[in-house]
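# Need a 3D model of the sequence below.
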Amino acid sequence: MAPERKTYFAHSSNDAGVWDPLKKHLAEVAGLARIFAAVFGAEDAAYLAGLLHDLGKYGELFQLRLEGKEEGLDHWSIGASVCIERFRSWQAALIVQGHHVGLQWLDSLRGLRPADQERTVNAAGRRLTEPDREVLLQRLAADGLDLPAKIQTDPPRDQQIPAMLDVRMLYSALTDADYLATEQHFDPVAAELRCPAAELNPRHAADVLHTHLQALSAAASASPAVSTLRTDLLPACLSAADSPPGLFTLTAPTGAGKTLSTLAFALRHAAQNGLRRIVVVMPFLSIIDQTVKVYREAPSQLDAAIPLDRYILEHHSLAVEPSGADVEAARLRGLLAQNWDAPIVITTSVQILESLFSNSPAACRKLHRLTDSIIVFDKVQTLPLKLVQPTLAALSHLSARYRTSVVFSTATQPAFPHLHDPVSRLCVNGWRPHEIVSPELRLFERARRVRVQWPTGSGRTSWEDLVSQFEPFHQVLCIVNLKRHALELFRVTKTAWGQAAFHLSTAMCPKHREVVLSEIRARLREGSRCALVATQCVEAGVDLDFPAVFRSLGPLDAIAQAAGRCNRNGLLETGQLTVFLPVDERYPGRTYEQATDVTRMLLNSDPALSIDDPAVFESYFRDLYGIAAMENVKLTEALNATHFPDVRQNYKIIGEKSVNALVPYDLERYNELASRARNQGLDRQWVHDARPHAVSCFPGLVKDVFLEPVPLKNRRNDQNYSGDWFLYPFEKHYDRDTGLQIPSEMELLTS
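Residues are numbered from 1 along each chain as shown. This is a model prediction of the structure:
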């Protein structure tokens, strides 16, 4: 047997040549994890996991690994076995076992007990650093680290979604503590950048926001009726904010000022209940910039002592600083995004919801920050039907167990309360939110700014006939269901309207869409003639105000969103929304078609269907949930097996993975980015710079001879590519009006 070492190490030397003593690392991780978990009453298990997560590093083989003499080792299973046998804590065992390799499955713990002195490898074939855990525990004790006599653990839960979320929250406390302690050793500059952490200070922020809202009201260009809606919504939000933490809905018509009124609710609610963070969740990257702009402009400075960029954190794939920005500030925001240590976080549905069902240490690391927080979801009707019930169950448990308020804000509130019983079978609390806006305000009745003309009978409208219906209007918007339809209709419109015709779809890169929207808004302000043909990309979060809108028959909530682009500011007595049936009636997916069929059924029973009546939308969503398949069999099986990797695999907000193609919209910029990609490879900065010039597409026949894959940074000499970034080399395929148009013989896009 090798002689006992005087010092055992957790990590090798940093840039200063200093090694990280294991005693120090375990104490730091245990202490931080205990602090993080104390806010939800799991400090005992977190402290134990912190002490035991690297127990295997006391093994001689691991010390040799730090010296570069060993590899392929498992230093985590032995600590997990102690959690099981000595403390009977399967939660602590799972998070110790998974702190590097990810949370595994409940049955995987069976291989950790009883202790087998003959076992020298784990199930994956990695060698244990020391098979005799008593040797390791003796070295832990010799370092002055005492394990508790016992720990208090949560009672077992019969329902898997709450039980697994409890594990993830504990896992979050451990992994964040581990990352931070390791960062302190290897990158003390980064650790220093994080301090001091910003605090919400909601009362001061609410006062600043109030002043900002008064200034906005004084400068508003909306009609008196619309302005009154906005001024009535705000006090309703402030009144509801005095409620204790829980589940809320905020249902108000488009243009009523939900974004800032919801922020006012969140700040007052935080002040009244001692909450510490606001998380704003958007469904699409395409609309997140507008929300960020509103939040950043709302108060130019939420706290005079804290820079705004430390106060408001963006965490999404577009949130990387442009070239030339302050390097230190950009680095800080990257660090804060790792664990959401900021008072206000603006993110996406994919980022937060998939994290709630993940098994990855990087994804779960931030979850403990959701305790004592307010999460505002915008446009929740976009949630995939197969994920509705498990999502509501997870959010319900998050609210009840972790004092987190959840707010669903939308103009077309889904009938989620109707799902209370099935959600109750997944989480005992079910789904019974409180509506913030009293029906007595009659917001929707007062907000009727649009007259809807529904299609009669089964008559179909050709593109030529449709364009002829545009003629009485000086400014008109037409929204269709498919990119192919938008292209066909635009070509007909272009013939009739000439330079006043515009096209907007996701076949155009974001920079291209931004230029078109800027031109459209200028024409709307100036009263110039314009006809915009677009896909659904203009229906969510795009601030446009047309006197007349045409819309292909589609889901009722999409039609209501289209109406939100018509007479938005109420400057006309009434706007005109015309719903039509195209000759080629096709839809972008089965769920979309099912939702359209529900709209058709409601219309058949009521030819004067009102899009201003919340009861209509309750009926619509009830029918939709009854028709569409909501069961996710594979996800259910993974939940029943407490199988964290399979749950992660089967909970996906976006089903089919898309790829990104850098397109030659701006040829000079394209050549510069393509050159950087070929010479330097892909990194975060390149992705940020490339996204405004890229088109997302669903791959059909992606071939290297057609699209050039972008290599990962510093790996240009092998075949290690990102897999989701490509260069599109054909300039002639990018149309200046309609974006990327791939010839049929080289078809890439599947929708």
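
# Now do the phi/psi pair for the residue nearest to residue 574 when sequence neighbours are not counted.
Spatial nearest neighbour of residue 574, chain neighbours left out: residue 451 (5.0 Å); criterion: Cβ to Cβ, 6 or more residues apart in numbering. In short, each C-beta sits where N, CA and C put it, glycine included. Main-chain dihedrals, residue 451, degrees, to the nearest 10: phi -100, psi 130.

# Then residue 238?
Torsion angles, degrees, to the nearest 10, at residue 238: phi -70, psi -40.

# what about it, neighbour count?
Neighbourhood size, residue 238 [other Cβ atoms under 10 Å]: 18.

# what sits against it?
By Cβ atoms under 8 Å, 6 or more residues apart in numbering, the residues touching residue 238 are 264, 265, 268.

# run the last query once more with 10 Å
With contact taken as Cβ atoms under 10 Å, 6 or more residues apart in numbering, residue 238 is in contact with 206, 210, 261, 264, 265, 267, 268, 269, 436.

# again with residue 234
Residues in contact with residue 234 (Cβ under 10 Å, 6+ apart) are 210, 213, 217, 256, 257, 260, 261, 264, 265.

# so it, which of the three states?
helix (DSSP: H, G, I helix; E, B strand; the rest coil).

# ok, now how distant is it from residue 264?
For residue 234, the distance to residue 264 equals 6 Å [Cβ to Cβ, to the nearest Å].

# Show the subsequent helix or strand relative to the helix ranked longest in the chain.
For the chain, the longest helix by residue count, based on DSSP state H, is helix 160-186. Per DSSP states H and E, the first helix or strand lying C-terminal to helix 160-186 is helix 188-193.

# Which positions in that following helix come out as buried?
By 16 or more other Cβ atoms under 10 Å, the buried positions in helix 188-193 come out as 191, 193.

# what sits up against it?
Outside helix 188-193, the residues within contact range by Cβ under 10 Å, 6+ apart are 14-16, 18, 180-185, 187, 310, 328-329, 331-332, 334-336.

# Also stretch 636-648?
Counting by Cβ under 10 Å, 6+ apart, 90, 94, 98, 101-109, 159-161, 163-164, 167-168, 171, 354-355, 357-360, 363-364, 389-390, 393, 426, 632, 634-635, 649-651 sit against stretch 636-648.

# so the nearest residue in space to residue 5 that is not next to it in sequence is in which element?
Nearest non-adjacent residue to residue 5, counting by Cβ to Cβ, 6+ apart: residue 63, 6.5 Å away. Here residue 63, judged by DSSP H and E, is contained in helix 60-66.

# Remind me what that helix packs against, helices and strands.
Applying 3 or more Cβ pairs under 10 Å, 6 or more residues apart in numbering; DSSP states H and E, one finds that helix 60-66 makes contact with strand 9-11, strand 73-74, strand 127-128, helix 133-142.

# Least confident of these, on average?
If these are sorted by mean pLDDT, strand 127-128 sits at the bottom with a mean of 90.

# where are the low-confidence patches of the stretch 151-300 of the chain?
Scanning the stretch 151-300 of the chain for pLDDT under 70 picks out the ranges 154-155, 220-222, 285-287, 289-290, 298-300.

# Now do the helices in it.
Remark: helices assigned in the stretch 151-300 of the chain by DSSP state H, counting those that start in this stretch are 160-186, 188-193, 202-219, 224-240, 258-273, 288-297.

# Next: the stretch 651-751 of the chain.
Assigned helices in the stretch 651-751 of the chain, in chain order: 667-680, 684-690 (criterion: DSSP H, counting those that start in this stretch).

# Any idea how far apart the tips of stretch 143-153 sit?
Start-to-end span of stretch 143-153 (Cα to Cα, to the nearest Å) is 26 Å.

# Pull the distance from it to the chain's centre.
A distance of 38 Å separates the centroid of the chain from that of stretch 143-153, by Cα atoms, centre = their mean, to the nearest Å.

# returning to what we had before: now the contacts of stretch 636-648: which count as buried?
Listed as buried from the contacts of stretch 636-648 are 90, 94, 98, 101-106, 108-109, 159-161, 163-164, 167-168, 171, 354-355, 357-360, 363-364, 389-390, 393, 426, 632, 635, 650-651; burial here means 16+ other Cβ under 10 Å.

# and stretch 147-167, which residues are buried?
In stretch 147-167, counting by 16+ other Cβ under 10 Å, buried: 147, 151, 153-154, 157, 159-167.

# correction: stretch 370-379
Buried residues in stretch 370-379 (16+ other Cβ under 10 Å): 370, 371, 372, 373, 374, 375, 376, 377, 378, 379.

# For the fourth one, which non-adjacent residue is closest in space?
Excluding its sequence neighbours, the residue lying closest to residue 373 (Cβ to Cβ, 6+ apart) is residue 277, at 4.0 Å.

# wait, the one you found sits on residue 346?
No - using Cβ atoms under 10 Å, residue 277 is not in contact with residue 346, being 11.8 Å away.

# Overlap of the contact sets of the two?
With Cβ under 10 Å, 6+ apart, residue 277 and residue 346 have common neighbours residue 313.

# C-terminal to the lowest-mean-pLDDT helix or strand in the chain, what's the next element?
When the helices and strands of the chain are scored by mean pLDDT, DSSP states H and E, helix 288-297 comes last with a mean of 73. The first helix or strand that comes after helix 288-297 along the chain, using DSSP H and E, is helix 308-311.

# Which other helices and strands does that following helix contact?
On a contact count with 3+ Cβ pairs under 10 Å, 6+ apart, helix 308-311 meets helix 288-297, helix 327-339.

# Return the angle between stretch directions for the first one and helix 258-273.
Following axes from the mean of the first three to the mean of the last three Cα atoms, to 10 degrees, one obtains 50 degrees for the angle between helix 288-297 and helix 258-273.

# For stretch 24-37, buried residues please.
For stretch 24-37, burial by neighbour count (16+ other Cβ under 10 Å) applies to 24-34, 36-37.

# scratch that, stretch 191-209
Quick answer for stretch 191-209 (16+ other Cβ under 10 Å): 191, 193, 194, 198, 200, 201, 202, 204, 205, 206, 208, 209.

# Could you dump those residues into a markdown table and include distance to residue 497?
Below are these laid out as a markdown table (distance: Cβ to Cβ, whole Å):
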| residue | distance to residue 497 |
| --- | --- |
| 191 | 59 |
| 193 | 54 |
| 194 | 55 |
| 198 | 51 |
| 200 | 50 |
| 201 | 52 |
| 202 | 50 |
| 204 | 51 |
| 205 | 47 |
| 206 | 48 |
| 208 | 45 |
| 209 | 42 |
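
# need the contact list for residue 600.
Residues in contact with residue 600, defined by Cβ under 10 Å, 6+ apart, are 455, 553, 556, 581.

# I'd assumed residue 592 was in contact with the third one.
In other words, residue 556. No - counting by Cβ under 10 Å, residue 556 does not reach residue 592; the two are 11.9 Å apart.

# Can you classify residue 452 by secondary structure?
Of the three states, residue 452 takes strand under three-state DSSP.

# Report the contact partners of the closest residue in space to it that isn't next to it in sequence.
Leaving out its chain neighbours, the residue that sits closest to residue 452 by Cβ to Cβ, 6+ apart is residue 577, at 4.9 Å. When contacts are counted by Cβ under 10 Å, 6+ apart, residue 577 touches 449-454, 477, 479, 546, 548-551, 559-560, 562-567, 611.

# Having no further points to raise, I will conclude here.
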